[in-house]
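J.: Quick one, structure for this:
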Amino acid sequence: MADTRIEKDSLGEIEVPAGAYYGAQTERAHRNFPISGLTLPKRFIAAVAMIKGEAAAVNEGLGLVPAEVAGAIRQAVEEVAEGKLDDQFPLDVFQTGSATSTNMNVNEVLSNRAIEILGGTIGSKKPVHPNDHVNASQSSNDVIPTAIHVSAYLAVVEALEPALERLAESLGRKAAEFDPVVKIGRTHLQDAVPIRLGQEFSGYAQQVKNGLARLEAVKPRLAELPLGGTAVGTGLNAPAEFGPRVIARLAERTGCPFVPAPNRFEAMAGKDATVETSGALKAIAVSLTKIANDIRWLASGPRCGIGEISIPSLQPGSSIMPGKVNPVIPEAVLMVAAQVVGNDATITLAGMSGHFDLNVMMPLIAYDLLESILILANASRLLAEKCVDGIEANRERCAELVERSLAMVTSLVPKIGYDAAAEIAKESVRTGKTVRELCVEKNVLPPDELAEALDPWAQTEGGIHAGGGGGG
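T.: Coordinates of the predicted model:
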């Protein structure tokens, strides 16, 4: 049995692997772009196929594709969605900038699988043609940007938002649990006035909630789809009702509020919505960096660092130092955040490659945007489940550091003045005595008034005892 078969396209004949559902155009692209070995995500391929399936139904209704052919295409689409044909999409991310190669890859796979379903010969293009039937009323130039938006929107609502909600919930629970724990605040990496551990964690929870709000803000633009614009936005070769009908079916199928783009020329030539979405992802990455860094610093030690919290021990941390355990989950989160920031830079540059009537870096945008969404979702869920859920406060350590801090003198300023308070701080540095010990020795204030002024809890509640702190 031959290992290859001969297929034809507008450039002539080419050998294709005998068992492949893809055809000539995919094979040419496979040979032309052996660059990275990175292929477009399954979620993106599934979105392209979904568009083809709903397009087949609409084209059938418009009398452009026979019912039997449309039905076979839709059956093949479901197989793609189920992952049964994953090995049929081998093309490199770094390919033609319109992703025409990937569009044709999907067209050819659906065509040949539909032909097989109908009892025909794979590669014959009969009775299902990849261009005339699967790609009817479409162009790569409107299908691919539509697929980017559909796949990214679905990834946000199905993966990222639930993960961020889980993380916000975990941080919120810890904020409530740690509310009684007073610790020393830190600004400029130096001791500052007291703060409650729960207050710090409430800030982390709010950062995650803000990330969710940022995603919510960009979703309306991400829901706008240019399908129906065909090659340059004018809709040549597509019935006027084709795009709106397919988009309505996509909205019904996914439960997402997809709508026709108010201006297809903008939606096809520019990729501003993807740049905006990536910006929201970058902001989330920055928030996760803050949270992960704070957690690993607060847990540093355990005996020779800050050590105000302890985090779950997940695996040995050293091949040479027995007993060493590292903050592996926060470190993984930090690497994810760095990747997302890098992806955002790439997406920004790629978004600037909309020349005249088409952006020509769409495969790269699709890959990096979906990667950012996926790894942020996974990292957020892991941070909640394998780290935050198991964090414990080291209450004695927190209390010890508060008492030793020079910043305790801040609450005395309204009572004895800045200069006198500064002298006590300097003497504390020279002698090693705490602020409280020196104040008692010097009878700075009556005992009851001193105890009230130096009450760490009161200093976390605002008012005159909280003083300035911070960097100023």
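
J.: In the stretch 1-150 of the chain, where is pLDDT below threshold?
T.: 1 (pLDDT under 70).

J.: For it, which segments are assigned as strands?
T.: 4-9, 12-17 (DSSP state E, counting those that start in this stretch).

J.: Can you tell me which of the ones you listed is most buried?
T.: Mean neighbour counts were compared across those using mean count of other Cβ atoms under 10 Å; the top stretch is strand 4-9, at a mean of 15. Every C-beta, even on glycine, is put in place using the N, C-alpha and C of the backbone.

J.: could you give the angle of that one to strand 12-17?
T.: Angle, strand 4-9 to strand 12-17, by axes from the mean of the first three to the mean of the last three Cα atoms, to 10 degrees: 140 degrees.

J.: Strand 4-9 pairs with which strands, parallel or anti?
T.: strand 12-17 (antiparallel) (DSSP bridges).

J.: What pLDDT does the model give R303?
T.: The model reports R303 with a pLDDT of 87.

J.: Quick check: it vs G323, distance?
T.: Here the criterion is Cβ to Cβ, to the nearest Å. By it, R303 lies 11 Å from G323.

J.: so can I have CSV of the strands of the stretch 1-150 of the chain showing distance to N112?
T.: Converted to CSV, the strands of the stretch 1-150 of the chain look like this (distance: least, Cβ to Cβ, whole Å):
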stretch, distance to N112
strand 4-9, 9
strand 12-17, 10
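
J.: what are the ranges of the helices in the stretch 301-450 of the chain?
T.: For the stretch 301-450 of the chain, the helices defined by DSSP state H, counting those that start in this stretch occupy 328-351, 362-386, 395-404, 413-416, 418-431, 435-442, 447-453.

J.: L215: which of these is closest?
T.: Minimum separation from L215 across the helices of the stretch 301-450 of the chain (Cβ to Cβ) falls at helix 362-386, 9.5 Å.

J.: Report the mean confidence score over that closest one.
T.: Helix 362-386 comes out at a mean pLDDT of 98.

J.: list the helices and strands it packs on?
T.: Counting contacts by 3 or more Cβ pairs under 8 Å, 6 or more residues apart in numbering; DSSP states H and E, helix 362-386 is packed against helix 42-61, helix 140-155, helix 161-177, helix 272-298, helix 328-351.

J.: let's go with 10 Å and repeat that
T.: Judged by 3 or more Cβ pairs under 10 Å, 6 or more residues apart in numbering; DSSP states H and E, helix 362-386 is in contact with helix 42-61, helix 100-117, helix 140-155, helix 161-177, helix 197-222, helix 272-298, helix 328-351.

J.: Now the second one: buried residues?
T.: Going by neighbour count (16 or more other Cβ atoms under 10 Å), the buried part of helix 100-117 is 100-115, 117.

J.: do the last one as well
T.: When neighbours are counted by 16+ other Cβ under 10 Å, the buried residues of helix 328-351 are found to be 328-330, 332-334, 336-337, 339-341, 343-344, 346-348, 350-351.

J.: What residues does the closest residue to A337 other than its chain neighbours make contact with?
T.: Spatial nearest neighbour of A337, excluding adjacent residues (Cβ to Cβ, 6 or more residues apart in numbering): A285 at 3.9 Å. For A285, the contact set (Cβ atoms under 10 Å, 6 or more residues apart in numbering) comprises 211, 333-334, 336-344, 372, 375-376, 379.
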